[in-house]
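Q: output the structure for:
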Amino acid sequence: MIKIGITGGIGSGKSIVSEIFHLYGVPLYNADQEAKKLNDTSPFIRAQLTLQFGEDLYVGGRLDRKKLASIIFHDDQKLSIVNSIIHPQLALHFTEWCRKREHYPVVILDAALLIEAGFNQFVNEVIIVQAPKELRISRVMQRDGVSRSEVEARMNSQLPEEVKLRYANHVITNDNIHSLIRQVSELMIRVTES
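A: Just a heads-up that it's a prediction; the model follows:
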């Protein structure tokens, strides 16, 4: 089984690229969605987070994401604690998910923090989706209804694209000029033949 990690900066279109792979029948693990589910259902994560930040972090059996965000926003030490609780559990979950799909030749891990969280060590290939900065900014402003300065703040909190590119086995350009479908199908051929 070939495990492919897909990442890219905010607004690059990594999730669209992941979905195109999924349309080819490739199983897709969306790390952001799975982390949200785990945060609500994992007794271990709940116990550790409430130990660190208090019982009122969970409301009606679910993690209060806004409250957690307000705790870790602008506090790198608390963010680090949260990541040290969640990321290992997510990695275990991904490993088990892969084991249940070992009959597939290829699986996809869609993760915004693929490199930052060290999840690139769990995949064979890394695809970086890139797009021009201005296009990314306008996409996120439109998608999330936020200001340019908010998008730029989010961009600045992510690993710079030039650093991510050092980890790339493949690059997909999502600039509204190059065909995403063609790039994905050519990559599928290359990955499955190697």
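
Q: helices and strands of the chain: which one bottoms out on pLDDT?
A: helix 148-157 (a mean of 84; mean pLDDT, DSSP states H and E).

Q: what's the end-to-end length of stretch 97-114?
A: For stretch 97-114, the first and last residues are 17 Å from each other (Cα to Cα, to the nearest Å).

Q: in the least confident helix or strand of the chain, which residues are buried?
A: Across helix 148-157, burial judged by 16 or more other Cβ atoms under 10 Å covers Val151, Arg154, Met155. Glycine gets a C-beta too; all of them are placed from N, C-alpha and C.

Q: how far away is Lys36 from Pro160?
A: Here Lys36 is placed at a distance of 26 Å from Pro160 (Cβ to Cβ, to the nearest Å).

Q: any chance of CSV for the buried residues of helix 148-157, columns distance to Asp56?
A: Shown next, in CSV, are these (distance: Cβ to Cβ, whole Å):
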residue, distance to Asp56
Val151, 31
Arg154, 27
Met155, 32
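
Q: which one of those sits closest to Ile172?
A: Met155 (18.7 Å; Cβ to Cβ).

Q: now the residue nearest in space to the middle of the chain. Nearest residue, chain neighbours left out?
A: The centre of the chain sits closest to Ala111, judged by Cα atoms, centre = their mean, with a distance of 1.8 Å. Take Ala111 and drop its neighbours on the chain: the residue closest to it by Cβ to Cβ, 6 or more residues apart in numbering is Ala31, 3.8 Å away.

Q: what sits against the one you found?
A: Leu90, Phe94, Leu109, Asp110, Ala111, Ala112, Leu113, Leu114, Phe119 (Cβ atoms under 8 Å, 6 or more residues apart in numbering).

Q: show me how far stretch 26-33 is from its chain's centre.
A: 9 Å (Cα atoms, centre = their mean, to the nearest Å).

Q: buried ones in that stretch, by neighbour count?
A: For stretch 26-33, using 16+ other Cβ under 10 Å, the buried residues are Val26, Pro27, Leu28, Tyr29, Asn30, Ala31.

Q: ok, Glu125 touching Ala168?
A: No: look at Glu125 against Ala168 with Cβ atoms under 8 Å: they stay out of range, at 9.1 Å.

Q: picking up where we left off before, how about the residue nearest to Ala111, phi and psi?
A: phi -60, psi -40 (degrees, to the nearest 10).
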